[in-house]
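Trainee: Predicted coordinates and the sequence they were generated for:
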Amino acid sequence: MSNTLLQLGPSEIKIKKHWCKACGICIALCPKDVLEADDKGKAVAVAPEKCTRCGMCEMHCPDFAISVEVER
Amino acid sequence: MSNTLLQLGPSEIKIKKHWCKACGICIALCPKDVLEADDKGKAVAVAPEKCTRCGMCEMHCPDFAISVEVER
Amino acid sequence: MTEVKDFGRLMQGNEACAEGALAAGTKFFAGYPITPSTEIAEILAEKLPQVGGKFIQMEDEIGGMAAVIGASLTGLKSITATSGPGFSLKQENLGFAVMAEVPCVVVNVQRGGPSTGVPTSPAQGDVMQARWGTHGDHPIIALTPVSVKETYELTIKAFNLSEKFRTPVILLMDEVIGHMRERVQLPKQGEFEVVERKKPQVGPEQYYPYRDDGTGVPPMASFGEGYRHHVTGLVHDETGFPSNKPEMVKKVLDRLHKKISDHLDEIIMAEETNLEDAEVMIFAYGSVARSAKKAVNILRKNGVKAGLFRPITIWPFPSTKLQEHFNRIKKVVVPEMNMGQLVGEVERAAAGKSIVTPLNRYDGELITPVEIVEKVQEVL
Amino acid sequence: MTEVKDFGRLMQGNEACAEGALAAGTKFFAGYPITPSTEIAEILAEKLPQVGGKFIQMEDEIGGMAAVIGASLTGLKSITATSGPGFSLKQENLGFAVMAEVPCVVVNVQRGGPSTGVPTSPAQGDVMQARWGTHGDHPIIALTPVSVKETYELTIKAFNLSEKFRTPVILLMDEVIGHMRERVQLPKQGEFEVVERKKPQVGPEQYYPYRDDGTGVPPMASFGEGYRHHVTGLVHDETGFPSNKPEMVKKVLDRLHKKISDHLDEIIMAEETNLEDAEVMIFAYGSVARSAKKAVNILRKNGVKAGLFRPITIWPFPSTKLQEHFNRIKKVVVPEMNMGQLVGEVERAAAGKSIVTPLNRYDGELITPVEIVEKVQEVL
Amino acid sequence: MFAQIEEYFRLEKMPHIWCPGCGHGIVLGAMARAIKQLGYDQDKTVVVSGIGCSARASGYLDFNTLHTTHGRALAFATGIKLADPELNIFVVMGDGDCTAIGGNHFIHAARRNIDLNAVVFNNNIYGMTGGQYSPTTPQNKRATTAPYRTIERNFDLAELAKSAGATFVGRGTAYHAKMLTDLIVNGAKNKGFSVVEAISQCPTSYGRRNKMGDPVDMIKWQKEQAVNIKAAGNMTQEQLGDKFLIGVLHQDEAPEYTETYQEIIDRAQGTVKK
Amino acid sequence: MFAQIEEYFRLEKMPHIWCPGCGHGIVLGAMARAIKQLGYDQDKTVVVSGIGCSARASGYLDFNTLHTTHGRALAFATGIKLADPELNIFVVMGDGDCTAIGGNHFIHAARRNIDLNAVVFNNNIYGMTGGQYSPTTPQNKRATTAPYRTIERNFDLAELAKSAGATFVGRGTAYHAKMLTDLIVNGAKNKGFSVVEAISQCPTSYGRRNKMGDPVDMIKWQKEQAVNIKAAGNMTQEQLGDKFLIGVLHQDEAPEYTETYQEIIDRAQGTVKK
Amino acid sequence: MESIAREVRLSGSGGQGLILAGIILAEAAIHDGLNTVQTQSYGPEARGGASKAEVIISSGDIDYPNVAEPEVMLAMTQEACDKYVGTLSNKGILIVDSTFVTEIPDTTATVYSLPITKIAKEELGRTLVANIVALGAVTGLTNVVTHQAIVDAVLARVPKGTEELNEKALSLGYEYANNASREFAKGKMLQAN
Amino acid sequence: MESIAREVRLSGSGGQGLILAGIILAEAAIHDGLNTVQTQSYGPEARGGASKAEVIISSGDIDYPNVAEPEVMLAMTQEACDKYVGTLSNKGILIVDSTFVTEIPDTTATVYSLPITKIAKEELGRTLVANIVALGAVTGLTNVVTHQAIVDAVLARVPKGTEELNEKALSLGYEYANNASREFAKGKMLQAN
Ligand SMILES: Cc1ncc(C[n+]2csc(CCOP(=O)(O)OP(=O)(O)O)c2C)c(N)n1
Ligand SMILES: Cc1ncc(C[n+]2csc(CCOP(=O)(O)OP(=O)(O)O)c2C)c(N)n1
Ligand code: SF4
Ligand code: SF4
Ligand code: SF4
Ligand code: SF4
Ligand code: SF4
Ligand code: SF4
Ligand SMILES: [Mg+2]
Ligand SMILES: [Mg+2]
């Protein structure tokens, strides 16, 4: 995966607000501080440009609410 | 047990015929050939004088039919 | 089991059950041994693999019932067999099969209870348990054979009803029938009906596993066939997914019951002997009906107009069939090898119109014809 | 549970059950959690050790029932609590307790069935199962509380009957009663009867654990007290050892039933409201009886002479008490949160004398007073 | 990308009803990704579950799904697998489901080495019924039925599975979601009974009562307490302390049940001599 | 001398109804001799059994005896022991009783380390119901429900007990009756859950069908196949072959359940602080 | 003894402590020497989703234990408000937590919109006590129980050390309610956001 | 079709093969074109203790399946003989294996005492076939089934390779019975020990 990284465009972090339950896990586990909580505690991508597409957020979201999409 | 043996009188091998089911185990396990089967297969002590009171017969009789008694 | 000329062959009741299951096309047995039903398992352990079927001895009766339901979900006709204590253990999953509408046949060869009771003696003590043993409202079908031959036939019938109505069917034998051997002349394959469950006629997208198609019984897809769906013991809607909306709860429970109660004609079987002119009815089932039949003969010889009503289907209870007679027959004797179970249903059906007298024996011995004769003479 | 002035306190039904058990002197609980009965376990987990008692969460409901029987054999008053699926699993060992005559209390807080059903909704779907759930003929006592206070009282009563008659007693609650909280003013210790099981009055040599001493209930020695004896679920003679002699089988089963049926006066409880001049009877129990009571009030206000028969003991069924009224009251409405269970017994008792009309709701909602009122108006 | 596994979900049932921060969703994701990797045909894949919060997993997945009775999932699954050995079967169980009421079916499925893939969502508690202790709750913890803290020792699920006969035993955590996916993949590839214990967090019924903080704290605890079995060899007993091992804990060869059963059929049908 | 243990028997129930040469009688004798050695008060001793030929043992012994339902003996016994920890409890089970239907109670009693003494009469078959295979029947044997021979692997009862948490696990045979007695004595002395597996012969339902000869042949087979664990260390894997080990197979220290429960009572009653 | 029963519904989502609030309200009724029955919704919806606790208060016996047409309804989430408002009595009172309930449903009931959770958060620093604030508001607006009774009931239930906080929460709710009440008396609906 | 049913009881102890004998006898009846029902005692007593297999043979239907008052009874142990003789028909036939039955109970039935097991052991070298010898005797003395039928039935049931042995056993039983029969005809009871 990591060797295809270079060929990929900037990542788009999709967050289904309706599915997000504001648990904070993605925010805590993102190594690049890409994510923050909104006033209801739900995740927002505040610095998508820093994202390395490591997948930590997506893999650990208990609610399938966050998805790191890649534009080709 | 074995060191009290010398002080004991001759052993008496009691066989409850009514309990014996003629399985042959005691006969087979007696190291001294003390026991034999009667015509119905039930155990009889044919050579009690050879008995060493090892207890094999009694301990292995599934029917509690044989008991090696010791006269004091 | 040697085939002998044309006179038929000697067969045991439990064997007839196993053979009937094979004749109905069963390909799966899971269970746990228990007297007096074990022979059914033993025979199927040998014969199922011969026809490419599967036999598994599970760790307990609960597992046996579960595995049977699992196998049926893949499309195999499946059966388990047990007796009293095991029947009690199967109750939770039996209810699951009712709720999830999974066809299967559960045989209970009744022995003396309660508890470990008298494991090797006959009884008819699980009759009410067959109806009410699992928690919650549920319909059930239970059949009681009177002979070795009928055991064969009713095992097939049990499968047919089970497949047709997507419901577990109980074959409620008793130790006398299970263990006795008698001469039987069995119908050959092709001479009896074999029903297969209804399959979906639409594509997976249009398939609703619990939608009433008008018959009350939704078509059933097997796991692995492309009709991915959800099966649960929770109350569910027609998609199969849980719902606790009051109207859905009512809807599913209503359909579960109606699919049975709307087809009583097909489900209810009873044998009536000498009832046309009878002044007294003997109501008896299972092995006791054999004694009753003999009692009727004796009574008739002695000038007493006795007749026999033998329910073959005991659940649903054949009230209507029975009530037809209560307009005329005012005396009913109900011999049972229990402390009085089905007699309660007879009384209810009689609704005060006929006097219902129980005759109970629960000491592990089959009621004799003479006992019945005497009881009839007593009530007349 | 804070004690407030003299006005009583707020208490939940399940809590009242736990408190009633403690008041009755229980020292042992074994069970397995299940909605909606779990609070009973949770409260006893906290409170039993405070009084030197024991609580154990077993690996399953079967084990819970078994452990309770074991504990009772050492002399401790013992209780287990469960709901539908767990009640099904307890059936085999419940039958053991009947057969071996081991006192214990089994609580079933009914939820929607069959199978997993609607775990959090109320129902009265296990009423017939309470009577017939285990295999074989067996007597049973089952009580149904109508309120939080009565839950407390009936839990004590259940222990009393259980100890007195050496038999398991079922406390058949429903989710409404189990989970509702209401103001209660409970009797204080000393203000209610607490029965202890009868102990042998003779020495171990003269002790027969299953010999009728004239009361039908043999004295019971505890394990460890010097009265070594044998306890089995097989049919046994008065020494406690297995016997399958027909006359012994009959003898033990007869005594098991007679010890109950000879004491119906002590066992059967029912509340009668406004029945003296009633032209229509509502027969209701458990939470539904609360709606029924309100319905009676409404009907009376509207000039309809309605009355309520509320069985508190549902098993044994209070036929005789009920029949007294059927000479006069010709219309009976039986609302139940099931598809019609106890109504069958009412019909049987009516024996055609009165017209019995069921009113069933099984969608997980409590029947409302208005529904009952309407049904009564319909039948009048 | 969720899009890659989206097809495995019944989207109309989402969002699921697990609590915020419940680990079960993470474990479910690992399962879905594993099945993706395995490339199983959806129509030929079955997910069986018992009863519990974990057991709800079956309802969210778009396979042939069966939500059974509490504790009996493996027994139902045994019937399915024996009846149709072509099917790929995953069995989702909670710790209570699997090791309390379902303990017997668990050891017997292991003994038979039947080709089922058990995924145990272990949150050390009965989540669904509100927090009673389970056979995997460690000692000295609080639960609604353990107001004075638990005194019972907990099962080592992996040890139990191994001694009963399972031929693949792995343990992962919600935190180690990637490894968990791999464990499920490898378990599925094992022809025989495979157990993957997935340590999951239940903030609602376990974490709160045991002062384990919020979901984030709980998942971080998993990170800290878990030791990869490959690294464990170089650690002293002291260093290990009360940490737990993750990774492939046991792997073994043994005949698989449904395959051996086929031999019986062959013998019975005379294809092969008895 | 039988006279020494005679008092422990209900002589009026004898002779027992086990078949000629059935190993269960030998194991029962070993139990009685062990209790003699332990010097337990008859009134304070309880024998609980399940259902099976083995389970009949309770009826022949003059203690407080309880003959329960099939598979549930340990659960009944758990109630008895917790209710009255003063009682010495022996739990007699058949292999089917203990490891098939009763498997769950077995592993949980072990996990709790409750002070019960399980004696498993293992004849590798369901004797009472006439010879169906059990979870301890070795592979490739004949049984009424295995007309094509067994394909399931058998449990290693001792391994299972150990991994579930039993603190004393021993194995003996009817042939090694003296050692069996000692094992039962040592198991009883262990404060915690003890398991003694007693290999017994069932000539009627197992031996005959598997051509193992008469009872004498079967008991000699035990002599030949059993290897004392103390001697096993000096043997090669080859020498061991399919022989089995006897002796004390596992011993361990752990808090006993009823003792720990007493601590809960103390805490709840405020004797000790929570 | 026939008498009028007053029915109160407290609704919101799982974690808002409304069941405790219902229990306290019922206990307050007992302090007042009244009869009371408290019920609540169980089930999956009790965890997340809309949930409710209901209390019936009466000087007479309470037979039918369910609330059919409550006179008073508290709604602390939009979902709960929408789901449960339907059976509210026409002449009833609806109290919504304006922190979460932004759309007032169509109803003929009198509506009070109070920023309950906001009050708890901003004036007390603890959203946790929103339920107690709500209790203050409900009792202040309806007098289903006396003020002393609700104070006593709250104090008897809350953990040691939090008495002051809770009493304050209760008072705040009471105050806001009184203001709202007064303002309503002036003939306009209060939107105290 | 009403017709007389003939009831036969074969009794002895668990290991003597009497259930198989009962099955064979019933199958012989089928060979004769008759109806038949076979039952047996199960339970602890079936293993050790006295046990029995019973056969009813009739040209008509057989409803009640139990043997109440057998016309023919075989007893191959003393215990079985004592236990079951009571219900033997007064005019019935009792055939005892004199190898084991040494005390003939008080009975008005006609008694034939034949050394069945001894014959099997001494003349055939296999006590195992005592049950077949017994069948020969029973059918020889009673004609409940035809000779051909019993021969066919035995041959159909026994393991391959043992046909000759079993046929011989059957014949021996038949012969002894005929002799006994003849001797009985001479008016004295046979004690062929
Ligand atoms: C026979 C039966 N007993 C008890 C229950 C109640 N029950 C439902 S889920 C559950 C335990 C859930 O715990 P676990 O299996 O660990 O799953 P989790 O909810 O923690 O994921 C229990 C006891 C039931 N449904 N059926
Ligand atoms: C619930 C239940 N299931 C099945 C049985 C039937 N049953 C009685 S004993 C037994 C097995 C006996 O085998 P084992 O436990 O090994 O004891 P053994 O007879 O070999 O000593 C079985 C299956 C029963 N009594 N109860
Ligand atoms: S993919 Fe990794 S870096 Fe990007 S937002 Fe998620 S956790 Fe952060
Ligand atoms: S992990 Fe998922 S549910 Fe939790 S905050 Fe992030 S997006 Fe929301
Ligand atoms: S005691 Fe030993 S030597 Fe004596 S008879 Fe018995 S086995 Fe033989
Ligand atoms: S071992 Fe016992 S039963 Fe067997 S032959 Fe010897 S005395 Fe008889
Ligand atoms: S209760 Fe626990 S396990 Fe259940 S959904 Fe909530 S967090 Fe998850
Ligand atoms: S069947 Fe087997 S276990 Fe049972 S008594 Fe006979 S030999 Fe012993
Ligand atoms: Mg869990
Ligand atoms: Mg065994």
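Mentor: That came through, no problem. Please read these numbers as outputs of a predicted model, since none were measured by experiment. Numbers count the residues shown, from 1 in each chain, chains lettered A, B, ... in the order given. Ligands and ions are numbered 1, 2, ... in the order given.

Trainee: which residues touch C:Ser354?
Mentor: C:Met281, C:Phe326, C:Ile329, C:Lys330, C:Lys331, C:Val332 (Cβ atoms under 8 Å, 6 or more residues apart in numbering or on different chains). (Glycine included, C-beta is placed from N, CA and C.)

Trainee: er, E:Lys243 I mean
Mentor: Contacts of E:Lys243 (Cβ under 8 Å, 6+ apart): E:Gln225, E:Ala226, E:Val227.

Trainee: what two of the contacts of C:Ser354 have the greatest distance between them?
Mentor: C:Phe326 and C:Lys331 (10.3 Å; Cβ to Cβ).

Trainee: Of all the residues in chain A, which one is nearest ligand 10?
Mentor: A:Pro62 (47.5 Å; Cβ to the ion).

Trainee: ok, that residue touching E:Ile26?
Mentor: Yes: taking contacts as Cβ atoms under 8 Å, A:Pro62 lies within contact range of E:Ile26: 5.1 Å.

Trainee: Report the set of residues contacting both of the two.
Mentor: With Cβ under 8 Å, 6+ apart, A:Pro62 and E:Ile26 have common neighbours E:Ala174.

Trainee: number of nearby residues for G:Thr110?
Mentor: If you count neighbours by other Cβ atoms under 10 Å in any protein chain shown, G:Thr110 ends up with 13.

Trainee: Not counting its neighbours along the chain, what's nearest it?
Mentor: Leaving aside its chain neighbours, G:Thr110 sits nearest to G:Ile93 (5.1 Å; criterion: Cβ to Cβ, 6 or more residues apart in numbering or on different chains).

Trainee: can you map out the helices along chain E?
Mentor: E:2-6, E:24-38, E:57-60, E:73-83, E:95, E:103-112, E:157-164, E:177-189, E:215-225, E:229-232, E:237-240, E:257-268 (DSSP state H).

Trainee: Redo the ones you listed as TSV? Include mean neighbour count and mean pLDDT.
Mentor: Below are these laid out as TSV (neighbours: other Cβ atoms under 10 Å in any protein chain shown; pLDDT from 0 to 100):
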stretch	mean neighbour count	mean pLDDT
helix E:2-6	15	92
helix E:24-38	24	98
helix E:57-60	25	98
helix E:73-83	31	98
helix E:95	30	98
helix E:103-112	29	98
helix E:157-164	24	98
helix E:177-189	22	98
helix E:215-225	19	98
helix E:229-232	13	94
helix E:237-240	9	89
helix E:257-268	19	97
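
Trainee: wait, which of these is closest to ligand 7?
Mentor: helix E:24-38 (5.2 Å; Cβ to the nearest ligand atom).

Trainee: contacts for that closest one?
Mentor: Residues contacting helix E:24-38 (Cβ under 8 Å, 6+ apart): A:59-64, E:4-5, E:8-9, E:16, E:18, E:45, E:53-54, E:56-57, E:60-61, E:88, E:90, E:92, E:119, E:121, E:123, E:172, E:174, E:177-178, E:180-182, E:184-185, E:188-189, E:198, E:200.

Trainee: could you pull out the helices for chain A?
Mentor: A:25-29, A:56-60.

Trainee: average pLDDT across the host helix or strand of C:Thr357?
Mentor: Following DSSP states H and E, the helix or strand that holds C:Thr357 is strand C:355-360. Strand C:355-360 shows a mean pLDDT of 98.

Trainee: nearest spatial neighbour of residue 53, skipping sequence neighbours?
Mentor: Picking chain A for this. A:Ser11 (4.9 Å).

Trainee: Wait, chain G was what I had in mind.
Mentor: Nearest non-adjacent residue to G:Ala53 (Cβ to Cβ, 6+ apart): G:Gly22, at 3.0 Å.

Trainee: you'd agree E:Thr150 is up against E:Thr137?
Mentor: Yes: contact criterion Cβ under 8 Å: E:Thr150 and E:Thr137 qualify, at 5.3 Å.

Trainee: which residues are in contact with both of those two?
Mentor: By Cβ under 8 Å, 6+ apart, the residues touching both E:Thr150 and E:Thr137 are E:Ala143.

Trainee: Neighbour count for the two, which is higher?
Mentor: E:Thr137 (28 against 21).

Trainee: For the more buried one, give its distance to chain D.
Mentor: 10 Å (Cβ to the nearest Cβ, to the nearest Å).

Trainee: if we can go back for a sec, ok, now which ones touch the residue nearest to G:Thr110?
Mentor: G:Glu71, G:Val72, G:Met73, G:Ala109, G:Thr110, G:Val111, G:Tyr112, G:Leu141, G:Thr142.

Trainee: ok, now which ones touch residue 46?
Mentor: Let's take chain A. A:Val34, A:Leu35, A:Glu36.

Trainee: meant chain C, my bad for not saying
Mentor: If you count contacts by Cβ under 8 Å, 6+ apart, then C:Glu46 has E:Ala268, F:Pro147, F:Tyr148 around it.

Trainee: Let me have the residues you listed in a markdown table, extended by distance to ligand 8.
Mentor: Listed next are these as a markdown table, based on distance: Cβ to the nearest ligand atom, whole Å:
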| residue | distance to ligand 8 |
| --- | --- |
| E:Ala268 | 27 |
| F:Pro147 | 19 |
| F:Tyr148 | 22 |
